[in-house]
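>>> What follows is a predicted protein model with its sequence.
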Amino acid sequence: MANRAIRNASELPNVVVCYGAGRVFNLRRPERWLKMVEIVQEHYNGGVQGEILEQLYKQGMSNDEVMENVGVRRTIFFVMKSDILAFAEGVACGLGVL
């Protein structure tokens, strides 16, 4: 019975995210965005780029802090970061959110 209810549940069309004083963002298809994040994290898990993801986006560290922590030069760091963002963009397109 619970499985049927889950299958019949519809996706949320949007979520309003409040940030700062009176600032809001309307995020459409939030479940798909969460799925994109999950896929990207799984793809890079266990490697240097996984550490970059963790430190930049979960811990909120600066680029310079992350470069120092993971031990990569500036050029390599930005190539890796660009790869992460390109992969995430491709996943988001595949999921229909971009």
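Thanks, I have it. Keep in mind the model is a prediction, meaning the values are calculated, not measured. Numbering: from 1, shown residues only.
>>> Tell me where this protein has strands.
When assigned using DSSP state E, the strands of the chain occupy the ranges 14-18, 24-28.
>>> Tell me the strands beside the first one, with direction?
Using DSSP bridges, the strands paired with strand 14-18 in its sheet are strand 24-28 (antiparallel).
>>> pLDDT of the strand it pairs with, averaged?
Averaging pLDDT along strand 24-28 yields 89.
>>> going forward, begin numbering at 35 instead of 1
All set: I'll call the first residue 35, so the last point we hit is now strand 58-62.
>>> How about residues contacting that strand?
Judged by CB atoms under 8 Å, 6 or more residues apart in numbering, the contacts made with strand 58-62 from elsewhere in the structure are 47, 48, 49, 50, 51, 52, 53, 67, 131. No exception for glycine: its C-beta is placed from N, CA and C like everyone else's.
>>> give me every residue that touches residue 77.
residue 121.
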